[in-house]
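Q: got a predicted structure plus its sequence, pasted below:
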Amino acid sequence: MRRITVSVIPKASREVLEWLSEQEAKAWVHAAPEKGKANEAVRTLVARELGVRPSQVRIVQGERSRKKVLEVD
């Protein structure tokens with residue numbers, strides 16, 4: 001199991017995941033931070049980058065914050 005700290009920038013003009021280190025990243029997503037849309041976009045973006053299914057990526061901390069801790073199976 002891998003933990004990643006992600007700083008999220010919602011409502012961005014691009015969807016990009018920039019790795020700052022092995023366990024820290026910055027994510028720009030199109031989705032707005034309402035009704036979990038940005039959270040879902042971050043999970044999908046991280047899953048795509050790591051080559052896993054979105055269901056294997058969980059938010060374990062910071063669901064309502066721009067700084068999130070994700071756990072990847």
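A: That came in fine, so what should we check first? As the structure is a prediction and not an experimental result, all values here were calculated from the model. Numbers count the residues shown, from 1 in each chain.

Q: what strand or helix carries the most centrally placed residue in the chain?
A: For the chain, the residue nearest the mean C-alpha position is Val42 (3.1 Å; Cα atoms, centre = their mean). According to DSSP states H and E, Val42 maps onto helix 37-50.

Q: burial count for Val57?
A: Residues near Val57, counting by other Cβ atoms under 10 Å, number 22. Heads up, the C-betas are built off the backbone N, CA and C, glycines and all.

Q: next one: Gln23
A: Gln23 has 12 nearby residues by other Cβ under 10 Å.

Q: let's see the distance spanning stretch 12-21 from one end to the other.
A: 22 Å (Cα to Cα, to the nearest Å).

Q: give me the below-cutoff pLDDT ranges for the protein.
A: Filtered on pLDDT under 70, the chain yields no residues whatsoever.

Q: please verify my assumption that Glu49 contacts Leu17.
A: Yes: using Cβ atoms under 8 Å, Glu49 is in contact with Leu17, at 4.9 Å.

Q: so which elements touch the top strand by length along the chain?
A: Looking across the chain with DSSP state E, the single longest strand is strand 2-9. Packing contacts for strand 2-9, counted by 3 or more Cβ pairs under 8 Å, 6 or more residues apart in numbering; DSSP states H and E, involve strand 24-28, helix 37-50, strand 67-72.

Q: kind regards, and thank you for your time.
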